[in-house]
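>>> Predicted model follows, preceded by the sequence.
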Amino acid sequence: ATVSAGLRATNIHVIDPAKTPRGPVRPQKLLNSFIGLMVGLVLGLALAFVKEAVDTSIKSVDEAERLANAPALAVVPLARASHRRRAPPLAGTSGRTTATFGLALLSDPSSPVAESFRTLLTSVVLSTAPQPPQVLLMTSSTAGEGKTVTSLNLAIALAQRGEPTLLIDADLRHPSIGKALNLVNGTGLATYLTGAHDIETALRDFPPVPTLWAMPAGPTPPNPAQLLSSSAMESMLRELRKRFKFVVIDSPPVLPVTDAMILSTLVDGVVFVVESGATARGAVTRARKILQNVGANVLGIVLNKVDVRHDGYYGQYGHYYYRADDKELPVKSEAASSHFLG
């Protein structure tokens, strides 16, 4: 009995019975979510500042004007999906559409892109009032900034005024005018400068715009710079001044080769194309100094491929032209590099 009583004796007493918890003790989801949100916000802001510090591309018109030391002649918006519709084939283009090559003035004449090229036309014509420049050179600091498509649309805009206009592809290294206008590149500037053909053989008409003529680059020569700096080039331009009201020359970029430097001394004015968000500030500054050193008359710049949704003061311009009838089509942000040659 004594042993049994000792076994039942204990010094443990129940003070408060335990209650079943209503939820798990860990993890604390609300607290962890708040901490994750704050950490993500801090890291996102830090990455944004780092990206802004590392990015050296030109973002605004004011910055481009300051670096190029020239006024902005036009701002070309980035082509949007609703305005890249395939246009019906034009007469004389063998069934191919001009929309493929970014000829906005023909494929979509009411678009903001087309209107920006009309603005460029007005700015160029009034840049040297009362006498507009007759021979224009289109160039850029590096390749791929859109100088070729700017040359095409500016030449079309000039020709649509009813004035005889000639578009010359002076990029003998990487020609693209003939491809854009669907012209056979058998004869052109190179064959004329080498003496193989005369001017009449090198010139081509463009049926969709009766007052527009084109001179493709022709076969790629081994010495482009020597041909462009020859006396034949000067004499050709003197002859073309008598036959055409305007002559637009598409040239290679300034920094890689010397072709644009040579041609800039033979023309009345230079239009400098800058790609928004892609062209480095140093490239524009260097190209400007090169053109200044040879005495080129830079009429102004064209800020190309501007995303109107992220450009503050220019955004309202874009919204004005994107009308309500386009809302029924899906609009996606896409790079327009395939629509801007050069």
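Yep, that arrived. For clarity, every value in this text was computed on a predicted model and none was experimentally measured.

>>> Can you report how many residues lie near Pro232?
One thing to correct before we go on: residue 232 is Ala, not Pro. By the measure other Cβ atoms under 10 Å, the count of residues near Ala232 is 14. For glycine as for every other residue, the C-beta is placed from the backbone atoms N, C-alpha and C.

>>> Wait, a strand at it?
No - Ala232 sits outside any strand when classified using DSSP: H, G, I helix; E, B strand; the rest coil, being helix.

>>> Look up how far Val294 lies from it.
20 Å (Cβ to Cβ, to the nearest Å).

>>> and what of Ser230?
17 Å.

>>> And these two? Which one has more around it.
Between Ser230 and Val294, Ser230 has the larger neighbour count (other Cβ under 10 Å), namely 15 against 12.

>>> now that one, nearest residue through space, not along the chain?
Once flanking residues are discounted, Ser230 sits nearest to Leu193: 6.2 Å by Cβ to Cβ, 6 or more residues apart in numbering.

>>> I'd like to know how far that neighbour sits from Arg238.
From Leu193 to Arg238 the distance is 14 Å (Cβ to Cβ).

>>> Pick out whichever of the two has more residues nearby.
Taking neighbours as other Cβ under 10 Å, Leu193 and Arg238 compare with Leu193 leading, 24 against 10.

>>> Next, the contact list for that one, please.
Leu193 is in contact with 221, 227-228, 230, 232-233, 236, counting by Cβ atoms under 8 Å, 6 or more residues apart in numbering.

>>> try it again with 7 Å
The contact partners of Leu193, taken as Cβ atoms under 7 Å, 6 or more residues apart in numbering, are 227, 230, 232-233.

>>> Return the closest of those with respect to Gln160.
Comparing these against Gln160 with Cβ to Cβ places Met233 closest, at 27.7 Å.

>>> And for that closest one, the neighbour number?
18.

>>> before we move on, what about Arg241?
Residues within reach of Arg241, counting by other Cβ under 10 Å, total 15.

>>> moving C-terminal of the helix or strand harbouring it, what's the next helix or strand?
Arg241 belongs to helix 231-243 when assigned by DSSP states H and E. Sequence-wise, the next helix or strand downstream of helix 231-243 (DSSP H and E) is strand 246-250.

>>> Below-threshold pLDDT in the stretch 101-250 of the chain: ranges please.
101 (pLDDT under 70).

>>> those strands in it, which residues are they?
135-140, 165-169, 204-205, 212-215, 246-250 (DSSP state E, counting those that start in this stretch).

>>> for this structure, what's the longest helix?
Across the chain, the longest stretch assigned as helix under DSSP state H is helix 29-54.

>>> name the helices or strands packed onto the helix or strand following that helix?
Under the assignment DSSP H and E, the closest C-terminal helix or strand after helix 29-54 is helix 61-68. Where contact means 3 or more Cβ pairs under 7 Å, 6 or more residues apart in numbering; DSSP states H and E, helix 61-68 is packed against strand 72-77, strand 269-275, helix 281-293, strand 298-306.

>>> can I get those in TSV with mean pLDDT?
Formatted as TSV, the helices and strands packed on helix 61-68 follow (pLDDT from 0 to 100):
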stretch	mean pLDDT
strand 72-77	92
strand 269-275	94
helix 281-293	92
strand 298-306	92
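
>>> out of those, which comes closest to Lys19?
For Lys19, the closest of these is strand 298-306, at 65.4 Å, according to Cβ to Cβ.

>>> Kindly calculate the angle that the closest one makes with strand 72-77.
10 degrees (axes from the mean of the first three to the mean of the last three Cα atoms, to 10 degrees).

>>> Ala283 against Thr142, yeah?
Yes - at 5.6 Å, Ala283 and Thr142 qualify as touching, with contact defined as Cβ atoms under 7 Å.

>>> tell me, what's touching these two both at once?
With contacts taken as Cβ under 7 Å, 6+ apart, Ala283 and Thr142 have Leu255 as neighbours in common.

>>> Have a look at those two and say which one is more surrounded.
Taking other Cβ under 10 Å, Ala283 and Thr142 do not tie; Ala283 has more neighbours (22 against 18).

>>> how much space between Asn32 and Tyr192?
Taking Cβ to Cβ, one finds Asn32 at 74 Å from Tyr192.

>>> and those two? which has more neighbours close in?
Between Asn32 and Tyr192, counted using other Cβ under 10 Å, Tyr192 has the larger neighbour count: 22 against 11.
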